[in-house]
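**Q** I would like to see how this sequence folds:
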Amino acid sequence: QVQLVESGGGLVQPGGSLRLSCVASGRTFSTYPMGWFRQAPGKEREFVSTITGSGSTTYYADSVKGRFTISRDNAKNTLYLQMNNLKPEDTAVYYCASGTVARIPSSFGSWGRGTQVTVSS
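**A** Numbering: from 1, shown residues only. Below is the predicted model:
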């Protein structure tokens, strides 16, 4: 079982940027796909982005395409989410997950505890 720990969240003004990180341990990091999801208060957890084990292929939700970039450093066992031009509707707890490139949360076997991102002026 892989252990995941997110960091990098915080309070940012609209139009600002943040970079989230997720450090993984417990398995060979480069062998499995990873993803980012988010959950706003009163809403279901939703897909943000996923990336294959090699990092060669990425997928994005339409709502973040062109603003967010997912990447990974397999030498550091770390997954990233660069978030630019943030909007108030991006406010949520962001989770990293491992196991697949699917867009359905139930397809993922391991989850971090999340990091809060708040976009507000």
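**Q** can you pull the pLDDT of Arg27?
**A** pLDDT for Arg27: 68.
**Q** Run through the bridge partners of the nearest residue to Arg45 once chain neighbours are set aside.
**A** Among residues not flanking Arg45 along the chain, Gln39 sits closest, at 4.3 Å (C-beta to C-beta, 6 or more residues apart in numbering). To be clear about C-beta, it is placed using only N, CA and C from the backbone, and glycine gets the same treatment. Beta bridges link Gln39 to Val93 when assigned by DSSP bridges.
**Q** which residues touch Gln39?
**A** Arg45, Glu46, Ala92, Val93, Tyr95, Gly114 (C-beta atoms under 8 Å, 6 or more residues apart in numbering).
**Q** do you know how far it is from Gln82?
**A** 20 Å (C-beta to C-beta, to the nearest Å).
**Q** center of this protein, which residue is that?
**A** By C-alpha atoms, centre = their mean, the chain has its centre lying nearest to Trp36, at 2.6 Å.
**Q** Pretty sure it sits against Ser49.
**A** Yes: counting by C-beta atoms under 8 Å, Trp36 touches Ser49, with 5.0 Å between them.
**Q** Mutual contacts of the two, please.
**A** With C-beta under 8 Å, 6+ apart as the test, Trp36 and Ser49 both reach Ile70, Leu81.
**Q** Show me what the helix or strand of the chain with the lowest mean pLDDT packs onto, helices and strands only.
**A** The weakest-scoring helix or strand in the chain, judged by mean pLDDT, DSSP states H and E, is strand 110-111 (a mean of 93). Contacts defined by 3 or more C-beta pairs under 8 Å, 6 or more residues apart in numbering; DSSP states H and E place strand 110-111 against strand 3-7, strand 92-98.
**Q** Which among those strands is found nearest to Phe108?
**A** strand 92-98 (3.8 Å; C-beta to C-beta).
**Q** which helices and strands does that closest one pack with?
**A** strand 3-7, strand 18-25, strand 34-39, strand 110-111, strand 115-119.
**Q** what's the average pLDDT for it?
**A** For strand 92-98, mean pLDDT is 97.
**Q** quick check, distance from it to the centre of its chain.
**A** 5 Å (C-alpha atoms, centre = their mean, to the nearest Å).
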